[in-house]
Structures are given as C-alpha cells and as structure tokens.
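Colleague: Got a predicted structure here, sequence first:
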Amino acid sequence: MSDVGSFLLLSIAVFSGAFVSGLAGFAFSAVAGGILLHVLQPLEAVPLMMACSIGVQATNLWALRKTIQWKESLILVLGGLLGVPIAVWLLHTTDAKTFREGFGLAVALYAGYMLFRPSLSYLQKMNQRRNALVGFGGGLIGGLTAMPGALPTIWCDMHGVPKNQQRGLVQPFIAAMQLFALALMLMRRDLSSKVFFDLLLSIPALLAGSALGIFAFRYVNDATFRRIVLLVLLVSGLMLLA
C-alpha cells in the first residue's frame, strides 16, 4: 500500500476492527475484513488480519490482566488446540464455504433471538468437561471461519457470565488459537514481506482502536456489554453468510 487513499482505508479497517475487538473481545477479522478484502488479495489480507488480531489480543490481555482467568481458560485452550489441526485438514478435504455459511446462519439466528427475547433463563454452572468440548468446537470452527471466539462467547452468554469474567475466560483462548494459527502460517511461509510492511503501517491505528475499545469496555455495564456482544455476533454471522 503506497498511496494515501489505500493507507487511509488500511487504517480505517484496522482501527474499526481493533475498536470492536477491544470493546467486545473478538471479531477483529469480521470487521476489518469487510474493508481489507476489497483492497487486498486474500493471501495478503488474511495473514495481515491474523497478525493485527494477535496484536489486539496482546493489548487486551495486558489491559485486562487483573481479571484474566488463566487456569479456567486453559481447559478451553487445550480443547481448541485439538480442534485446529482437524480444521486445517477439513479445509483441504471439504467444502469450507458451506460450513462457514451454515455456522454464520446459526450464529445470526442465535444472536437475533437472544437480542429480542423478552426474558432470560441461563444454563447451570459451567464444568470443565463441557468447557473442553466448547474449546474443541471453538478451535475447529475458528480454523474454518477465522472466528475462534464465537462459540466460547455464546457459551458464556448462555450461562449469564458477567462481562469481566467472560473476557477473562475467553480472551486467553482467542489469543492462543490465533498464535497457533499464525505459527502454522509461518511454517507454511504464508507471510510475505508486503504483509509485514502493511502491518507496520497499521500499528498506529491498531493501538488507537484497541485503547479506545478497552476504554469503552470499562465504562459499559453488564447488560449493555451483553447487547453489544450479541450485536457483534449477529453482524459477524451475517458477514459469514455474505
């Protein structure tokens, strides 16, 4: 990206994705990809979004370090690490587009229903065995849709988990899944010098968006945060369909 217009589009995309991810904890690629995939080739846009998203997650982990639940999140992470290699295999053997569309429809329907239902009833307390299955599903789905945090976020919503506890549980999982995916991309040498150059150009927008998103997160209550998360899930699901 050398001209001013492309640089501005890059900055707007990264800032928007970083802000939403800083506020809701996930969906950087869903937001930033709406712009980047129109100005960059997928082989450049996807690694760039992955690298930027890891930067956002690192910022989130540092800013929310006092509420991170490392031990509880480890169960999700271990399950997810088992799911990612299967997703990589499925990408080369099945129609991933159909899966993405089906998952997008399911997420959109869930979020739309939960946004407008008149009353809430939550599931019983989480247990480690189910959390491991959710982590496995999150890793599997994340490898096919680039949205590893969607399933654990829905799982937390179904249990009525408060915003700080939810971010403390899901944030390390998303970071671990993205680091694992980036490591696989590095092994396959999918990161070109142009991706690194665009990443350097993105740093100011990345830091500004993340900081503003985290600031907004700290000043919204649990009810507002839940509506924001469901809205982000709804939009992300619809974008998978589109």
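Modeller: Yep, that arrived.
Colleague: so how far is residue 105 from residue 39?
Modeller: 27 Å (Cβ to Cβ, to the nearest Å). Glycine gets a C-beta too; all of them are placed from N, C-alpha and C.
Colleague: same check, this time on residue 222
Modeller: Counting by Cβ to Cβ, the separation of residue 222 from residue 105 is 28 Å.
Colleague: Could you do residue 233 as well?
Modeller: When residue 233 is compared with residue 105 (using Cβ to Cβ), they lie 12 Å apart.
Colleague: For residue 70, give me its contacts.
Modeller: Taking Cβ atoms under 8 Å, 6 or more residues apart in numbering, we find residue 70 in contact with residue 172.
Colleague: ok so, going back, who's more crowded, residue 233 and residue 105?
Modeller: The neighbour count for residue 233 versus residue 105, taken as other Cβ atoms under 10 Å, is higher for residue 233 (27 against 14).
Colleague: Just confirm the more buried one contacts residue 151, I think it does.
Modeller: No. In this structure residue 233 lies outside contact range of residue 151 using Cβ atoms under 8 Å: 10.4 Å.
Colleague: ok, residue 74 to residue 108 distance?
Modeller: Distance of residue 74 to residue 108, computed by Cβ to Cβ: 30 Å.
Colleague: in which helix or strand would I find the residue nearest to residue 235 when sequence neighbours are not counted?
Modeller: Nearest residue to residue 235 in three dimensions, chain neighbours excluded: residue 30, at 7.1 Å (Cβ to Cβ, 6 or more residues apart in numbering). For residue 30, the element it lies in under DSSP states H and E is helix 28-39.
Colleague: helix or strand right after that helix?
Modeller: helix 42-63.
Colleague: So which residues make contact with that following helix?
Modeller: 14, 17-18, 21-22, 25, 28-29, 32-33, 36-37, 40, 68, 146, 167, 171-172, 174-175, 178-179, 181-182, 185, 190-192, 194-195, 198-199, 202-203, 206-207, 209-211, 214.
Colleague: can you give me how far the helix or strand that that helix is followed by is from the chain middle?
Modeller: Note on helix 42-63: by DSSP H and E, the next helix or strand toward the C-terminus is helix 70-93. Distance of helix 70-93 from its chain centroid, counting by Cα atoms, centre = their mean, to the nearest Å, is 14 Å.
Colleague: Alright, I will stop here.
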